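*Asks:* any chance you can model this:
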Amino acid sequence: MWRVFVMSKLQDVLIDIPLREEQMNCTRSLQTHRCKLNEAYGLPQPDQWIPLPPEEFGGPVVMRGPCNDCFGCNTDFLDCPIGNGSSCYDASYGGYASMEFAKDASLQTEEYNTSQENIASRFDRVWNKRLDVWKNKPICIISAGNHDILVENITTAAYENNVRFLLKTFQNVCEHIVWLGNTAPLRDDTEYKQTVESMRDYEAAVQRILSSSTSDDISYVNVFDASMSYFHNDHIHMRDDWYRSLGNDLFIPFVTVPAMINGINGTL
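*Replies:* Model (predicted):
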(Lines give C-alpha, C1' and ligand atoms only; values in the text may rest on other atoms or scores of the structure.)
Protein backbone atom coordinates (compact mmCIF):
# COMPACT_ATOMS: atom_id res chain seq x y z
CA MET A 1 0.00 0.00 0.00
CA TRP A 2 1.13 3.52 -0.76
CA ARG A 3 0.91 6.53 1.52
CA VAL A 4 1.03 10.07 0.15
CA PHE A 5 2.61 13.10 1.78
CA VAL A 6 2.12 16.48 0.15
CA MET A 7 4.66 19.30 0.25
CA SER A 8 3.03 21.65 -2.22
CA LYS A 9 0.01 23.98 -2.30
CA LEU A 10 -2.35 20.99 -2.78
CA GLN A 11 -2.63 21.15 1.01
CA ASP A 12 -5.66 19.34 2.44
CA VAL A 13 -7.89 19.36 -0.64
CA LEU A 14 -7.04 15.72 -1.39
CA ILE A 15 -9.47 14.54 1.27
CA ASP A 16 -12.08 15.85 3.66
CA ILE A 17 -9.90 15.79 6.76
CA PRO A 18 -12.47 16.65 9.48
CA LEU A 19 -14.91 14.02 8.20
CA ARG A 20 -12.34 11.23 8.18
CA GLU A 21 -10.90 12.32 11.49
CA GLU A 22 -14.28 11.76 13.12
CA GLN A 23 -15.47 8.70 11.22
CA MET A 24 -12.27 6.70 10.82
CA ASN A 25 -10.78 7.14 14.29
CA CYS A 26 -7.91 9.12 12.80
CA THR A 27 -5.21 10.96 14.70
CA ARG A 28 -4.67 14.51 13.46
CA SER A 29 -1.63 16.73 14.01
CA LEU A 30 -2.46 20.29 13.03
CA GLN A 31 -0.21 23.35 13.04
CA THR A 32 -2.30 26.00 14.77
CA HIS A 33 -0.08 29.02 14.08
CA ARG A 34 2.47 29.99 11.44
CA CYS A 35 5.17 29.99 14.15
CA LYS A 36 4.29 26.58 15.63
CA LEU A 37 5.92 24.27 13.10
CA ASN A 38 7.98 22.43 15.70
CA GLU A 39 4.89 21.78 17.79
CA ALA A 40 3.07 20.22 14.83
CA TYR A 41 5.93 17.76 14.32
CA GLY A 42 6.41 17.11 18.02
CA LEU A 43 9.95 18.49 17.78
CA PRO A 44 11.65 20.61 20.46
CA GLN A 45 12.60 24.18 19.63
CA PRO A 46 16.33 24.82 19.25
CA ASP A 47 18.02 26.95 21.88
CA GLN A 48 18.56 29.63 19.23
CA TRP A 49 17.11 30.10 15.75
CA ILE A 50 19.88 30.56 13.17
CA PRO A 51 19.12 32.00 9.71
CA LEU A 52 20.77 30.27 6.79
CA PRO A 53 23.93 31.97 5.47
CA PRO A 54 23.19 34.42 2.61
CA GLU A 55 25.21 32.29 0.19
CA GLU A 56 22.74 29.42 0.65
CA PHE A 57 19.81 31.54 -0.64
CA GLY A 58 17.21 29.99 1.64
CA GLY A 59 13.98 31.14 3.28
CA PRO A 60 12.14 32.38 5.13
CA VAL A 61 11.97 35.83 3.59
CA VAL A 62 9.16 37.65 5.39
CA MET A 63 9.31 36.09 8.86
CA ARG A 64 12.69 36.39 10.51
CA GLY A 65 12.40 33.39 12.77
CA PRO A 66 11.04 29.82 12.96
CA CYS A 67 7.80 30.61 11.12
CA ASN A 68 6.04 30.09 7.79
CA ASP A 69 6.10 33.03 5.41
CA CYS A 70 2.77 31.84 4.07
CA PHE A 71 -0.13 32.65 6.36
CA GLY A 72 -2.53 29.69 6.44
CA CYS A 73 -0.13 27.13 4.91
CA ASN A 74 -0.31 25.01 8.03
CA THR A 75 1.18 21.53 8.36
CA ASP A 76 -1.65 19.03 8.79
CA PHE A 77 -1.06 15.29 9.24
CA LEU A 78 -3.76 12.65 9.32
CA ASP A 79 -3.06 9.09 10.47
CA CYS A 80 -5.98 6.77 9.75
CA PRO A 81 -5.61 3.15 10.90
CA ILE A 82 -6.08 0.34 8.41
CA GLY A 83 -9.17 -1.65 9.30
CA ASN A 84 -12.23 -0.57 11.26
CA GLY A 85 -14.08 -0.25 8.00
CA SER A 86 -11.58 2.14 6.42
CA SER A 87 -10.51 1.70 2.83
CA CYS A 88 -7.05 2.02 1.33
CA TYR A 89 -8.13 5.45 0.10
CA ASP A 90 -8.96 6.57 3.62
CA ALA A 91 -5.71 5.36 5.11
CA SER A 92 -3.39 6.39 2.30
CA TYR A 93 -3.31 10.16 2.79
CA GLY A 94 -0.45 11.01 5.11
CA GLY A 95 -0.84 14.74 5.24
CA TYR A 96 0.43 18.13 4.20
CA ALA A 97 3.91 19.22 5.25
CA SER A 98 4.28 22.97 4.87
CA MET A 99 7.48 23.60 2.90
CA GLU A 100 7.57 26.86 0.96
CA PHE A 101 11.14 26.82 -0.36
CA ALA A 102 13.61 24.37 -1.83
CA LYS A 103 15.76 25.23 1.19
CA ASP A 104 14.74 27.13 4.31
CA ALA A 105 15.17 27.46 8.06
CA SER A 106 11.50 27.73 9.07
CA LEU A 107 11.68 24.42 10.95
CA GLN A 108 14.87 24.03 12.98
CA THR A 109 16.05 21.65 15.67
CA GLU A 110 19.34 21.13 17.45
CA GLU A 111 19.92 18.29 14.96
CA TYR A 112 19.25 20.06 11.65
CA ASN A 113 19.11 23.70 10.53
CA THR A 114 16.78 23.24 7.55
CA SER A 115 13.10 22.37 7.28
CA GLN A 116 13.89 19.88 4.55
CA GLU A 117 16.26 17.81 6.68
CA ASN A 118 13.97 17.91 9.71
CA ILE A 119 10.89 16.85 7.75
CA ALA A 120 12.78 14.05 5.99
CA SER A 121 14.17 12.88 9.32
CA ARG A 122 10.67 12.85 10.78
CA PHE A 123 9.41 10.74 7.88
CA ASP A 124 12.23 8.27 8.39
CA ARG A 125 11.90 8.01 12.17
CA VAL A 126 8.11 7.85 12.37
CA TRP A 127 6.35 6.64 9.23
CA ASN A 128 9.15 4.60 7.69
CA LYS A 129 9.40 2.56 10.88
CA ARG A 130 5.97 1.12 9.99
CA LEU A 131 6.87 -0.49 6.68
CA ASP A 132 5.50 -3.77 8.03
CA VAL A 133 2.10 -2.10 7.60
CA TRP A 134 2.67 0.10 4.55
CA LYS A 135 5.15 -2.17 2.70
CA ASN A 136 6.51 0.89 0.85
CA LYS A 137 7.96 4.24 1.77
CA PRO A 138 5.62 7.17 1.00
CA ILE A 139 5.02 8.92 -2.27
CA CYS A 140 6.04 12.57 -1.80
CA ILE A 141 4.51 15.36 -3.88
CA ILE A 142 6.93 18.29 -3.81
CA SER A 143 7.03 21.76 -5.33
CA ALA A 144 9.17 24.86 -4.86
CA GLY A 145 9.96 28.02 -6.78
CA ASN A 146 7.27 30.67 -6.49
CA HIS A 147 8.55 31.68 -3.06
CA ASP A 148 12.25 30.95 -3.66
CA ILE A 149 12.41 33.70 -6.25
CA LEU A 150 11.75 36.23 -3.47
CA VAL A 151 15.00 35.36 -1.68
CA GLU A 152 17.39 38.30 -1.88
CA ASN A 153 19.92 38.09 -4.74
CA ILE A 154 18.95 34.53 -5.66
CA THR A 155 19.91 33.37 -9.15
CA THR A 156 18.52 30.53 -11.23
CA ALA A 157 21.76 28.63 -10.58
CA ALA A 158 21.32 29.04 -6.81
CA TYR A 159 17.72 27.86 -7.05
CA GLU A 160 18.91 24.86 -9.07
CA ASN A 161 21.43 23.98 -6.35
CA ASN A 162 18.72 24.16 -3.70
CA VAL A 163 16.41 21.93 -5.73
CA ARG A 164 19.22 19.36 -5.94
CA PHE A 165 19.56 19.60 -2.16
CA LEU A 166 15.82 19.14 -1.71
CA LEU A 167 15.61 16.10 -3.96
CA LYS A 168 18.68 14.47 -2.44
CA THR A 169 17.27 14.99 1.05
CA PHE A 170 13.98 13.25 0.28
CA GLN A 171 15.09 10.51 -2.11
CA ASN A 172 16.17 8.26 0.75
CA VAL A 173 12.90 8.56 2.66
CA CYS A 174 10.35 8.60 -0.20
CA GLU A 175 9.58 5.63 -2.42
CA HIS A 176 8.80 8.02 -5.23
CA ILE A 177 8.91 11.80 -5.63
CA VAL A 178 6.45 13.63 -7.84
CA TRP A 179 7.73 17.12 -8.64
CA LEU A 180 4.73 19.35 -9.27
CA GLY A 181 5.86 22.20 -11.49
CA ASN A 182 5.13 25.82 -10.68
CA THR A 183 2.05 27.58 -11.96
CA ALA A 184 2.37 30.65 -14.15
CA PRO A 185 1.81 34.12 -12.68
CA LEU A 186 -1.54 35.80 -13.21
CA ARG A 187 -0.02 38.33 -15.58
CA ASP A 188 3.43 39.21 -16.83
CA ASP A 189 3.80 42.18 -14.51
CA THR A 190 7.32 43.36 -13.63
CA GLU A 191 5.92 44.72 -10.38
CA TYR A 192 6.44 41.17 -9.11
CA LYS A 193 9.54 39.00 -9.23
CA GLN A 194 7.42 36.10 -10.45
CA THR A 195 7.30 36.99 -14.15
CA VAL A 196 6.53 34.53 -16.92
CA GLU A 197 10.18 34.60 -18.00
CA SER A 198 11.64 34.12 -14.52
CA MET A 199 9.29 31.25 -13.66
CA ARG A 200 9.96 29.55 -17.00
CA ASP A 201 13.67 29.76 -16.15
CA TYR A 202 12.98 27.99 -12.86
CA GLU A 203 10.97 25.29 -14.61
CA ALA A 204 13.81 24.80 -17.09
CA ALA A 205 16.24 24.44 -14.17
CA VAL A 206 14.17 21.62 -12.66
CA GLN A 207 13.91 19.93 -16.04
CA ARG A 208 17.69 20.07 -16.45
CA ILE A 209 18.14 18.36 -13.10
CA LEU A 210 15.66 15.61 -13.87
CA SER A 211 16.83 15.04 -17.45
CA SER A 212 20.41 14.54 -16.23
CA SER A 213 19.31 12.10 -13.52
CA THR A 214 19.44 8.35 -14.04
CA SER A 215 16.97 7.76 -11.22
CA ASP A 216 13.54 6.27 -11.90
CA ASP A 217 12.11 7.41 -8.58
CA ILE A 218 11.32 11.02 -9.57
CA SER A 219 8.48 12.12 -11.86
CA TYR A 220 7.66 15.59 -13.11
CA VAL A 221 4.30 17.20 -13.85
CA ASN A 222 4.42 20.41 -15.88
CA VAL A 223 1.35 22.57 -15.22
CA PHE A 224 2.80 25.93 -16.29
CA ASP A 225 1.05 26.46 -19.62
CA ALA A 226 -2.23 24.95 -18.40
CA SER A 227 -2.31 27.35 -15.46
CA MET A 228 -1.92 30.44 -17.66
CA SER A 229 -5.55 30.27 -18.79
CA TYR A 230 -7.03 29.26 -15.42
CA PHE A 231 -8.43 31.43 -12.64
CA HIS A 232 -5.96 32.67 -10.02
CA ASN A 233 -6.60 33.66 -6.43
CA ASP A 234 -3.74 36.14 -6.56
CA HIS A 235 -0.61 36.73 -8.62
CA ILE A 236 0.89 33.26 -8.08
CA HIS A 237 -1.71 31.08 -6.34
CA MET A 238 -4.54 29.27 -8.09
CA ARG A 239 -8.11 28.84 -6.90
CA ASP A 240 -8.90 25.89 -4.63
CA ASP A 241 -10.72 24.01 -7.39
CA TRP A 242 -7.44 23.89 -9.37
CA TYR A 243 -5.62 22.17 -6.52
CA ARG A 244 -8.60 19.96 -5.77
CA SER A 245 -8.71 18.75 -9.37
CA LEU A 246 -5.00 17.97 -9.35
CA GLY A 247 -5.34 16.08 -6.09
CA ASN A 248 -8.43 14.06 -6.83
CA ASP A 249 -8.07 13.52 -10.58
CA LEU A 250 -4.32 13.15 -10.99
CA PHE A 251 -2.67 12.05 -7.75
CA ILE A 252 -5.21 9.99 -5.80
CA PRO A 253 -5.71 7.43 -8.63
CA PHE A 254 -2.09 6.31 -8.63
CA VAL A 255 -2.16 5.80 -4.86
CA THR A 256 -4.37 2.78 -5.39
CA VAL A 257 -2.89 1.93 -8.82
CA PRO A 258 0.90 2.21 -8.28
CA ALA A 259 1.70 1.29 -11.89
CA MET A 260 0.43 4.74 -12.88
CA ILE A 261 3.57 6.25 -11.36
CA ASN A 262 5.52 5.18 -14.43
CA GLY A 263 3.24 7.24 -16.63
CA ILE A 264 2.93 10.42 -14.63
CA ASN A 265 5.81 12.31 -16.25
CA GLY A 266 4.34 14.84 -18.58
CA THR A 267 2.57 18.10 -19.21
CA LEU A 268 -0.96 19.21 -18.44
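
*Asks:* how about Val62, nearest residue that isn't a chain neighbour?
*Replies:* Sequence neighbours aside, Asp69 is the residue nearest to Val62 in space, at 4.4 Å (criterion: CB to CB, 6 or more residues apart in numbering). Glycine gets a C-beta too; all of them are placed from N, C-alpha and C.

*Asks:* oh, that last question was meant for Ser198, not what I typed.
*Replies:* Nearest one to Ser198, counting by CB to CB, 6+ apart, is Ile149 at 6.0 Å.

*Asks:* what about the one you found, how many neighbours?
*Replies:* A total of 21 residues lie near Ile149 under the criterion other CB atoms under 10 Å.

*Asks:* quick check: it touching Arg200?
*Replies:* No: using CB atoms under 8 Å, Ile149 is not in contact with Arg200; the gap is 11.7 Å.

*Asks:* any idea of the mean pLDDT in stretch 198-205?
*Replies:* For stretch 198-205, mean pLDDT is 97.

*Asks:* what about this protein, any weak spots by pLDDT?
*Replies:* Across the chain, the ranges flagged by pLDDT under 70 are 1-4, 6, 8-26, 79-93, 250-268.

*Asks:* re the thing from before, next, the residue nearest to Ser198: secondary structure please.
*Replies:* helix (DSSP: H, G, I helix; E, B strand; the rest coil).

*Asks:* burial measure for Leu30, as a count.
*Replies:* 17.

*Asks:* what's across from it in the sheet?
*Replies:* Asp76 (DSSP bridges).

*Asks:* for it, give its distance to Arg125.
*Replies:* Using CB to CB, to the nearest Å, one obtains 20 Å as the distance from Leu30 to Arg125.
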